[in-house]
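Chemist: coordinates only, sequence not included:
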């Protein structure tokens, strides 16, 4: 990556990230901490998350705070957020929320049961609503804030093989736009960042084969691979004061696939 922007307005800001232990989330945690932000995150990958906290601190940045949490358990998620926010009052409120956690497990329409549907929505959509709900009062007390919801180009490109996932990711845009109107009166910005096919360790291990490489080459306007750092760059901009008048929008970072 080339030399990227530094956002002074992020220094000291309190950030909450879901799914921060690996993939795009891991890069988001490191990127915000690199800007001097005070990062808190949840994940189910305990060992990887604790190692990430150590690496960030060893790099000289503010050490992130981690809590183990299955985000499908909304009560546990609320508790983790309350613990990570710290004492009551403005100083403990989150300035920035990044809803990143997701799972793109493959499945076929004919195989989806009501139970499986509920399980997938419980990971890919339901927590996003309730984290947005949880940060509202604190951001309101602070006079503003920034919420960034991570979607996916899968629903834009009519991706097959995971219909419940694409449904949930399309719903992200609806949630963003609805909350942007409701929250905007209090100076809270709500935006969507929609990644293309990002080369995380999970994607490379499970889905990126020779056929996928060819699909990427044909579909992207730009050559090369989309990396977690590219998603982090857009997210940092929207979180910082530089994105002060951006809200209700979907920012697609996909090398021109859509």
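Modeler: Received, thanks. This structure is a prediction, so every number in the text was calculated from the model and none was measured.

Chemist: now the strands for the stretch 151-258 of the chain?
Modeler: Here the stretch 151-258 of the chain has its strands, by DSSP state E, counting those that start in this stretch, at 188-195, 250-253.

Chemist: what's the last one packed up against?
Modeler: For strand 250-253, the contact count by 3 or more C-beta pairs under 8 Å, 6 or more residues apart in numbering; DSSP states H and E identifies strand 188-195, helix 228-239 as packing neighbours. All C-beta atoms are positioned from the backbone trio N, CA, C, and that covers glycine.

Chemist: do the longest one as well
Modeler: Helices and strands touching strand 188-195, as assessed by 3+ C-beta pairs under 8 Å, 6+ apart, comprise helix 126-142, strand 145-150, helix 163-184, helix 228-239, strand 250-253.

Chemist: winner for burial among the helices and strands packed on strand 250-253?
Modeler: strand 188-195 (a mean of 24; mean count of other C-beta atoms under 10 Å).

Chemist: Starting from that one, tell me which strands it pairs with and how they run.
Modeler: Within its sheet, strand 188-195 is paired with strand 145-150 (parallel), strand 250-253 (parallel), according to DSSP bridges.

Chemist: Go through those strands and pick out the most buried.
Modeler: For the strands paired with strand 188-195, the highest mean count by mean count of other C-beta under 10 Å goes to strand 145-150, at a mean of 26.

Chemist: who touches it?
Modeler: 24, 94-100, 102, 128, 132, 135, 138-139, 172, 175-176, 179, 183, 187-195, 231, 235, 238-239, 243 (C-beta atoms under 8 Å, 6 or more residues apart in numbering).

Chemist: closest to residue 32 out of the helices and strands packed on strand 188-195?
Modeler: Proximity to residue 32 (C-beta to C-beta) singles out helix 228-239 among these, at 7.1 Å.

Chemist: how far does the closest one sit from the chain's center?
Modeler: Its chain's average C-alpha position is 10 Å from that of helix 228-239, according to C-alpha atoms, centre = their mean, to the nearest Å.

Chemist: Ok, stretch 189-197 next?
Modeler: 8 Å.

Chemist: Check stretch 144-164 too.
Modeler: 10 Å.

Chemist: Enumerate the positions of that stretch that are buried.
Modeler: 145-156, 159, 162-164 (16 or more other C-beta atoms under 10 Å).

Chemist: so can I have JSON lines of the helices and strands packed on strand 188-195 showing distance to residue 60 and mean pLDDT?
Modeler: Shown next, in JSON lines, are these (distance: least, C-beta to C-beta, whole Å; pLDDT from 0 to 100):
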{"stretch": "helix 126-142", "distance to residue 60": "27", "mean pLDDT": "98"}
{"stretch": "strand 145-150", "distance to residue 60": "25", "mean pLDDT": "99"}
{"stretch": "helix 163-184", "distance to residue 60": "34", "mean pLDDT": "98"}
{"stretch": "helix 228-239", "distance to residue 60": "18", "mean pLDDT": "98"}
{"stretch": "strand 250-253", "distance to residue 60": "28", "mean pLDDT": "99"}
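
Chemist: Would you mind saying which of the ones you listed lies nearest residue 218?
Modeler: strand 250-253 (18.0 Å).

Chemist: who are the neighbours in contact with the residue nearest the centre of the chain?
Modeler: Residue closest to the mean C-alpha point of the chain, counted by C-alpha atoms, centre = their mean, is residue 100 at 2.2 Å. Taking C-beta under 8 Å, 6+ apart, we find residue 100 in contact with 17, 18, 19, 20, 24, 25, 28, 150.

Chemist: Select from those residues the one having the most neighbours.
Modeler: Neighbour counts for the contacts of residue 100, by other C-beta atoms under 10 Å, peak at residue 20, which reaches 31 neighbours.

Chemist: and the gap between that one and residue 221?
Modeler: 30 Å (C-beta to C-beta, to the nearest Å).

Chemist: what does residue 185 give?
Modeler: 38 Å.

Chemist: can you give me the strands in the stretch 1-150 of the chain?
Modeler: 14-18, 38-43, 65-68, 96-99, 145-150.

Chemist: can you list these in a markdown table and add distance to residue 122?
Modeler: Converted to a markdown table, these look like this (distance: least, C-beta to C-beta, whole Å):
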| stretch | distance to residue 122 |
| --- | --- |
| strand 14-18 | 13 |
| strand 38-43 | 15 |
| strand 65-68 | 17 |
| strand 96-99 | 14 |
| strand 145-150 | 16 |
